[in-house]
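Asks: Kindly return the folded structure for what I paste below:
(one chain, ligands or ions: 1)
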Amino acid sequence: MKCPRCESYMVHESFEDLRDDTGTLYFFGWRCLGCGEIIDPVILANRRNRPAPIESKTRKRLVFR
Ligand SMILES: [Zn+2]
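Replies: Numbers count the residues shown, from 1 in each chain. Take a look at the predicted model:
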């Protein structure tokens, strides 16, 4: 598996004590040897189910008075 960010080699590792919304405390994921990117099954599932938000081309300027 290659890192999606820097395309370095990724290793399969176990991670502990990283509680998320599902209450997972122990899981297996991928860690990049190049940039340290970590990909776990939850992240992969989220990326499949939720496409990245598209940034609006026009930005409204907020005026505070
Ligand atoms: Zn990387």
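Asks: In space, what's closest to residue 41 - neighbours in sequence excluded?
Replies: Leaving aside its chain neighbours, residue 41 sits nearest to residue 27 (6.4 Å; criterion: Cβ to Cβ, 6 or more residues apart in numbering). Using the backbone N, CA and C atoms, a C-beta is placed for each residue, glycine as well.
Asks: Grab the nearest non-local neighbour of the spatially most central residue of the chain.
Replies: Taking Cα atoms, centre = their mean, the centroid of the chain lies closest to residue 43, which sits 5.0 Å from it. Spatial nearest neighbour of residue 43, chain neighbours left out: residue 29 (7.7 Å); criterion: Cβ to Cβ, 6+ apart.
Asks: Hmm, residue 10 and the one you found touching each other?
Replies: No - look at residue 29 against residue 10 with Cβ atoms under 8 Å: they stay out of range, at 9.3 Å.
Asks: Look up phi and psi at residue 45.
Replies: When quoted as degrees, to the nearest 10, the phi and psi of residue 45 stand at phi -60, psi -40.
Asks: Low-confidence regions, this protein specifically.
Replies: Along the chain, the model assigns pLDDT under 70 to residues 17-20, 24, 50-59.
Asks: And the helices in it?
Replies: 41-49 (DSSP state H).
Asks: Do a quick rundown of the strands in it.
Replies: 10-16, 26-32, 38-39 (DSSP state E).
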